[in-house]
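**Student:** one predicted model, sequence on top.
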Amino acid sequence: MLLDAARETAAEAVGCRPDELRFTSSGTQALHTGITGALAGRRRAGRRLVVSAVEHSAVLHTAEVHERAGGLTRQVEVDRTGRVDAQEWARALGEDCALACLQSANHEVGTVQPVEEVAAVCAEAGVPLLVDAAQSLPWGPVAGDWSLLAGSAHKWGGPAGVGLLAVRKGVRFAPQGPVDERESGAAPGFENIPAIVAAAAALRAVRAEADAEAARLRALVDRIRARVPELVPDTEVVGDPVRRLPHLVTFSCLYVDGEALLHALDAAGYSVSSGSSCTSSTLTPSHVLRAMGVLSEGNVRVSLPPGTPESEVDRFLDALPGAVEGVRAHLGAGAGTAAGPAPSGAASEITVDARGKLCPLPVIELAKVIEDVPAGGVVRVLADDEAARLDIPAWCEMTGHAYEGAEGIEYRVRRVAAGA
């Protein structure tokens, strides 16, 4: 009875029938099960899987497994705000497409995707669309004619270890691996009844206040988006400024080590995240930031929990400039690093050897010498850090200099005169 009641509550929030919803042990398992089950159920339609370039790693990892098994994956690129284009999506489907996957909103930058438009494109092509709604479910149901939907309870304040997967009636679906009679084979083993009940109760509670809280948090995020570039020089706020989640904001700071900045903010009492190339877990740029073509160094992701007071945001904005300045000073960089005219008789080309140096040092070295070449002069940067392939073009975009491309580990930047 408890399980049935929780299923009805969750289904009402999702916008599906109770018998279309299954509980899983996590949002990741829901995505894995949804993708593999839909691909297997539609194997006669083809082996093509279409995803966006900014999907959660759980989707991309499943796509890699699909490719190793002989399938085809097509990634749809995004614009600089992180959104896909519905027409590009239509061109990616093809006649052999078995499944398409699109997140409702991005987990790193908050950009909301045009799910309703993409769902219409998929429906016209006869292709089911799986929506990763983990980030958006706390704020409302997903619009559009989607076919499958996945979510994760800890994203809306429920307990970790509970996910959900909705599969619309009529969608060909064949769960993979050993199955039993529980949850239609989507999650073998006995259900965690207390956690599921808590997850459903949390979803109902957060939805009851979603509209009012979204409006309040959106105003606070707007303040962060406006004030950060004013308070911290050489900073870029990323993600769509309008079509976005209400509680999340991401920005990147030039000449800053992301991990060091997280530690500085932690010492000031703020727990933030980063998609930076400098995080210790991977030492590679965030695939989301890379797909968007924005700066990855010094990346900070701020997520405001429900109930965050305005005063706390003000205190964060007071603490941020000092934290950034301290990290920049430690790395030998600072505001105005790339300013100043070139000396008379300056060489028209300079080579910077940044091999063996990790983000953000190659960009800092570039910024230090760009003023040593005249307008039209070139700086050749030798950098073997993977982040340089993203950060040097992004630095040029932010500072107005011309990025002339890369060959191997050599990057060419042409100095553009101020005001040109």
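**Tutor:** Now that the structure is in, tell me what you want to look at.

**Student:** what strand or helix carries the spatially most central residue of the chain?
**Tutor:** Using Cα atoms, centre = their mean, the residue of the chain that lies closest to the mean C-alpha position is Glu108, 3.1 Å off. In this structure, Glu108 sits in neither a helix nor a strand according to DSSP states H and E.

**Student:** residue contacts, Ala210?
**Tutor:** The contact partners of Ala210, taken as Cβ atoms under 8 Å, 6 or more residues apart in numbering, are Pro138, Trp139, Gly140. Using the backbone N, CA and C atoms, a C-beta is placed for each residue, glycine as well.

**Student:** let's see if you can find the most crowded of the residues you listed.
**Tutor:** Across those, the neighbour count under other Cβ atoms under 10 Å reaches its highest value at Pro138, namely 25 neighbours.

**Student:** and it, that's in a helix?
**Tutor:** Yes: using DSSP: H, G, I helix; E, B strand; the rest coil, the assignment for Pro138 is a helix.

**Student:** ok, it to Arg80 distance?
**Tutor:** Pro138 sits at a distance of 27 Å from Arg80 (criterion: Cβ to Cβ, to the nearest Å).

**Student:** likewise for Gly408?
**Tutor:** Counting by Cβ to Cβ, the gap between Gly408 and Arg80 amounts to 26 Å.

**Student:** hmm, who's touching the helix or strand Val363 falls within?
**Tutor:** For Val363, the host element (DSSP H and E) is helix 361-369. The set of residues that contact helix 361-369 without belonging to it, under Cβ under 8 Å, 6+ apart, is 254-255, 297, 331-333, 337-338, 350, 352, 354, 357, 379, 381, 383, 385, 387-388, 391-392, 395, 399, 413.

**Student:** Asp96: how many residues sit nearby?
**Tutor:** Applying the criterion other Cβ under 10 Å, we find 10 residues in the vicinity of Asp96.

**Student:** contacts only, for it.
**Tutor:** Ala45, Gly46, Arg47, Arg48, Leu72.

**Student:** my read is the second one is in a helix, agree?
**Tutor:** No: if the criterion is three-state DSSP, then Gly46 is coil and not within a helix.

**Student:** from Arg42, how far out is the closest residue to it other than its chain neighbours?
**Tutor:** Of all residues beyond its chain neighbours, the one nearest Gly46 is Asp96 (3.0 Å), with distances taken as Cβ to Cβ, 6 or more residues apart in numbering. With distances taken as Cβ to Cβ, Asp96 is found 10 Å from Arg42.

**Student:** one more: Glu20?
**Tutor:** Summarising the geometry, the distance separating Glu20 from Arg42, computed by Cβ to Cβ, is 17 Å.

**Student:** the helices in this protein, which residues?
**Tutor:** Listed from the start of the chain, the chain has helices (DSSP state H) covering 2-14, 27-41, 57-68, 86-93, 115-125, 193-208, 210-231, 258-267, 287-292, 310-330, 361-369, 388-399.

**Student:** any idea which of those gets closest to Pro175?
**Tutor:** When those are compared by Cβ to Cβ, helix 27-41 sits nearest Pro175, at 4.8 Å.

**Student:** for the closest one, packing partners?
**Tutor:** Contacting helix 27-41 under the criterion 3 or more Cβ pairs under 8 Å, 6 or more residues apart in numbering; DSSP states H and E are the following elements: helix 57-68, strand 97-103, strand 129-132, strand 148-152, strand 163-167.

**Student:** from the middle of its chain, how far away would the first one be?
**Tutor:** Once both centres are worked out by Cα atoms, centre = their mean, to the nearest Å, helix 57-68 turns out to sit 17 Å from its chain's centre.

**Student:** so which bits of that helix are buried?
**Tutor:** Neighbour counts over helix 57-68 (16 or more other Cβ atoms under 10 Å) mark Ala58, Val59, Leu60, Thr62, Ala63, His66 as buried.

**Student:** ok, the first one - contacts?
**Tutor:** Think Ala58. Contact analysis of Ala58 by Cβ under 8 Å, 6+ apart lists Gly27, Thr28, Leu31, His32, Asp132.

**Student:** could you dump those residues into a markdown table with distance to Pro159 added?
**Tutor:** Formatted as a markdown table, the entries for the contacts of Ala58 read as follows, by distance: Cβ to Cβ, whole Å:
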| residue | distance to Pro159 |
| --- | --- |
| Gly27 | 12 |
| Thr28 | 15 |
| Leu31 | 19 |
| His32 | 20 |
| Asp132 | 20 |
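
**Student:** ok, which pair from those residues is furthest apart?
**Tutor:** Based on Cβ to Cβ, the longest span within those runs between His32 and Asp132 and measures 11.4 Å.

**Student:** the nearest residue to Ala125 once chain neighbours are set aside: neighbouring residues, count only.
**Tutor:** Excluding its sequence neighbours, the residue lying closest to Ala125 (Cβ to Cβ, 6+ apart) is Leu93, at 4.8 Å. Leu93 has 20 neighbouring residues, counting by other Cβ under 10 Å.

**Student:** wait, isn't Leu93 in contact with Val127?
**Tutor:** Yes: assessed by Cβ atoms under 8 Å, Leu93 is found in contact with Val127 at 5.6 Å.

**Student:** between the two, what contacts are shared?
**Tutor:** When contacts are counted by Cβ under 8 Å, 6+ apart, the set common to Leu93 and Val127 consists of Val50, Ala100.

**Student:** got the contact list for Pro360?
**Tutor:** Taking Cβ under 8 Å, 6+ apart, we find Pro360 in contact with Leu254, Tyr255, Val256, Asp257, Cys278, Glu297, Gly298, Leu331, Ala333, Ala387, Asp391.

**Student:** can you say which of the contacts of helix 361-369 are buried?
**Tutor:** Under a neighbour-count criterion of 16+ other Cβ under 10 Å, the subset of these counted as buried comprises 254-255, 297, 333, 337-338, 350, 352, 354, 357, 379, 381, 383, 385, 387-388, 391-392, 395, 399, 413.
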